[in-house]
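>>> no sequence on this one, just coordinates:
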C-alpha cells in the first residue's frame, strides 16, 4: 500500500533562517506531488505541485521554493524565513494524471517562525 | 468570488442530531468533488467522493447539483467523534490540462453529549 511520510512534525525557526521540509512517498511510481500551506484559521493554499522529477509549478509568488530530486521525494525550502511563513505545511500525493481520485496527505509540519 | 465557498460555522449539535453542510463552487467545468475531514491540528483525510447521482456511506450522504454548482453533506445520527472540520473540495482544470484540487476553508462541526 502507498504511504506518505513528512518530517519534521514541528519546527520553530528564527526569522531569516533557512528551511528544508522533506516529503517521501512509498508504494507508488510517478506520483503527482503537492505542497500546501494552511495558515491559522485559514484554508489550504496550494504552493507547488510536481508531475515529475525536476518539474515544479508554483502557484503563488512567495519566499519559498520546491524541488523534486527523485521520483518520490519532494522538498520545500526557503533561504530566509519570514514571520508570515508560519503555518501548517502539508505534502500530498495523487496518482499521475488522476487528481480526480483525491489526494492523500502527509501528517504535516507545523512551522512557527519567531 | 472564491472558487469554493463554505459556511465556516461552527455548527453545534447534540448527539443523534442530523446536520447538513453546503458548499458552492464557481468553476462550472469542475468534474470531481470530495468531502474531506480535518481534525484539530491534523492533516485532512478523504471522507467521501461526491457523485452526480448522490452517494451514501453509512451515516453520511453527499449530493451534487451541477446546475446550481452546489454540493452538500448530510450526517445522520451525529456522534461525538464526528466533531471536526469538513472541507469541500473541487477539482479545477488548468490551462495546461493539469487538474488540481481546490479546498474550501471548511465548516466546523461540534457534537455535544
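Happy to help now that I have it. Quantities reported herein were computed from a predicted structural model and do not represent experimental measurements. Numbers count the residues shown, from 1 in each chain, chains lettered A, B, ... in the order given.
>>> Point out the residues in chain B that sit beside chain A.
Contacts of chain B with chain A, taken as Cβ under 8 Å from any Cβ of the partner chain, map to B:31-32, B:34, B:36, B:41-46, B:49, B:87, B:89, B:91, B:98-106. (Each C-beta comes from the backbone N, C-alpha and C, glycine too.)
>>> who touches residue B:12 in this structure?
B:110, B:112 (Cβ atoms under 8 Å, 6 or more residues apart in numbering or on different chains).
>>> Name whatever forms a beta bridge with it.
Assessed by DSSP bridges, residue B:12 has beta-bridge partners residue B:110.
>>> Would you mind listing the buried residues in stretch B:55-73?
Buried residues in stretch B:55-73, defined by neighbour count with 16 or more other Cβ atoms under 10 Å in any protein chain shown: B:60-64, B:69, B:71-73.
>>> and the one helix or strand in chain B whose mean pLDDT sits lowest, which strands flank it?
Counting by mean pLDDT, DSSP states H and E, the weakest-scoring helix or strand in chain B turns out to be strand B:99-103, with a mean of 86. Sheet partners assigned to strand B:99-103 using DSSP bridges are listed as strand B:84-93 (antiparallel).
>>> average pLDDT for the partner strand?
Averaged across strand B:84-93, the pLDDT comes to 92.
>>> Please list the residues outside it that contact it.
The contact list for strand B:84-93, computed with Cβ under 8 Å, 6+ apart, reads A:43-44, A:99-100, A:102, B:3-4, B:6, B:21, B:23, B:25, B:27, B:29-40, B:44, B:47, B:71, B:73, B:99-109.
>>> Among those residues, the buried ones, what's the PyMOL command?
Here is the PyMOL selection string for the buried members of the contacts of strand B:84-93, based on 16+ other Cβ under 10 Å:
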select buried, (chain A and resi 43+44+99+100+102) or (chain B and resi 4+6+21+23+25+30+32+33+34+35+36+37+38+44+47+71+73+99+100+101+102+103+104+105+106+107+108+109)
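>>> Just the contacts of strand B:84-93: which are in helices?
Nothing among those maps onto helices, per DSSP state H.
>>> and residue A:84, that one's in a strand?
No: applying DSSP: H, G, I helix; E, B strand; the rest coil, one finds residue A:84 to be helix, outside a strand.
>>> That one and residue A:15: what is the separation?
10 Å (Cβ to Cβ, to the nearest Å).
>>> Which residues are in contact with each of these two?
Shared contacts of residue A:84 and residue A:15 (Cβ under 8 Å, 6+ apart): residue A:113.
>>> ranges for the strands of chain A?
In chain A, the segments counted as strands under DSSP state E are A:3-7, A:10-13, A:19-26, A:32-38, A:44-52, A:55-58, A:65-70, A:73-78, A:87-94, A:104-105, A:109-113.
>>> Can I get those strands in CSV including mean pLDDT and distance to chain B?
Below are these laid out as CSV (pLDDT from 0 to 100; distance: least, Cβ to the nearest Cβ, whole Å):
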stretch, mean pLDDT, distance to chain B
strand A:3-7, 94, 9
strand A:10-13, 97, 10
strand A:19-26, 96, 12
strand A:32-38, 94, 8
strand A:44-52, 92, 4
strand A:55-58, 91, 7
strand A:65-70, 96, 14
strand A:73-78, 97, 15
strand A:87-94, 95, 6
strand A:104-105, 93, 4
strand A:109-113, 96, 7
